[in-house]
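> Predicted model follows, preceded by the sequence.
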Amino acid sequence: MLTDTISIELFRNTEDWKGHGEIFLHGHFWMLHQFEIRDREFLFTSQPYHMYENRVVWVRQGSASYSFNLVDYDFHAGDLVVFYSDTLVEKKRHSPDFQFDAFRFDGVVDLSADERPVSDPTSFIRLSLDQQTQPIVSQHFALLWQVVHQQPFPRENVQLLIRSLLLYAGRQHGQASPPPSATRQQDTLRRFVALVSRYAGQERNIPFYASLLCMAPHYLSTLVKQQSGRTVMEWINETAVKEVKVWLAYSDETAAQISERLNFPNPAALTKFFRRETGMTPGQYRALRCRTGEEKGI
């Protein structure tokens, strides 16, 4: 089973990544402080990543664009982002001065359903901090950074600080102006995309998603095309390709094992699908990804 692929980047060559900012590691817990992306790539723009961990990110300066579960988002200085596990991520771009703080909190703080800032565990919240809220968040991060370095590791103090920040973020999120009401069709598209991001690794047929949404396959196809400009199969295939890329880049499993894991009939079917969507075989992609990683010292 894969671990969180972004954490793999952190733990594999920790000393190299310290050139981008300060890194604290304790067991499975990690925290980044004043982290920058300068002369080297931290995340490849052509490589999807799968996050299995809950984390908080505070953008200190600059801006960046990322795709989370197929949806593109722009982040700017002052944004606080709290998101949960099982998220497919792909970097689009970042400004030269992009800098952030971040930490993982699952395994350290386990919030109950009532305490979570959002009710859907696959969702995330993004707060654009104003002049009143930004110092409070800054103080939380600064104090947390100081506390994690105490010996022995002060787990209870770390838990309290993280819980305080998460509850504060949830409160601010609850007080924010509600987004404009979505139409029924827009809400259906949102739910469809969420389902695709969750199941496309194993399920790649229209009736499966139509059944979950309680509608006819033809109606779903028409609605998705009208609302997004893309077909249902384009959404499904794009996500499935990203899942295959993650397993090729971050596991030692063979094509036969990956094809079985991702519910392809056989390795030949996986190869045919991947070549059709990317122009290369799974073996060629894995070799290219390995060479690229070696050139960048990852």
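Now that the structure is in, tell me what you want to look at. Remember, predicted model here, so these are calculated numbers, not experimental data.

> how about the CA coordinates for stretch 134-141, as PDB?
C-alpha atoms of stretch 134-141 as PDB (Å, rounded to 0.1, in the frame of the first residue of the first chain):
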ATOM      1  CA  GLN A 134      -3.700  36.800  10.200                       C
ATOM      2  CA  PRO A 135      -1.700  37.600  13.400                       C
ATOM      3  CA  ILE A 136      -3.600  35.000  15.400                       C
ATOM      4  CA  VAL A 137      -2.800  32.300  12.900                       C
ATOM      5  CA  SER A 138       0.800  33.500  12.700                       C
ATOM      6  CA  GLN A 139       1.100  33.300  16.400                       C
ATOM      7  CA  HIS A 140      -0.300  29.700  16.400                       C
ATOM      8  CA  PHE A 141       2.300  28.600  13.900                       C
END
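
> And the average pLDDT for that stretch is what?
The average pLDDT within stretch 134-141 is 94.

> Give me the residues contacting that stretch.
Here stretch 134-141 makes contact (C-beta atoms under 8 Å, 6 or more residues apart in numbering) with 33, 58, 78, 80, 101, 129, 161, 164-165, 168-169. C-beta coordinates here come from the backbone N, C-alpha and C atoms, glycine included.

> tell me which residues of that stretch are tucked away?
For stretch 134-141, burial by neighbour count (16 or more other C-beta atoms under 10 Å) applies to 134, 137, 140-141.

> Filter the residues you listed down to just the ones in strands.
For these, not one is inside strands, with DSSP state E as the criterion.

> and of those residues, the nearest to Gly27?
Phe141 (20.1 Å; C-beta to C-beta).

> Could you report the separation of that closest one from Thr231?
Counting by C-beta to C-beta, to the nearest Å, the separation of Phe141 from Thr231 is 43 Å.

> which residues in the stretch 1-150 of the chain form helices?
5-12, 14-17, 133-147 (DSSP state H, counting those that start in this stretch).

> Output those in JSON lines; the columns should cover distance to Tyr49.
JSON lines is the format used below for the helices of the stretch 1-150 of the chain (distance: least, C-beta to C-beta, whole Å):
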{"stretch": "helix 5-12", "distance to Tyr49": "5"}
{"stretch": "helix 14-17", "distance to Tyr49": "15"}
{"stretch": "helix 133-147", "distance to Tyr49": "23"}
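
> Select, out of those, the one closest to Val71.
helix 5-12 (18.1 Å).

> now that closest one: mean pLDDT?
72.

> Show me what that helix is packed against.
For helix 5-12, the packing partners by 3 or more C-beta pairs under 8 Å, 6 or more residues apart in numbering; DSSP states H and E come out as strand 22-26, strand 29-36, strand 49-51, helix 232-250.
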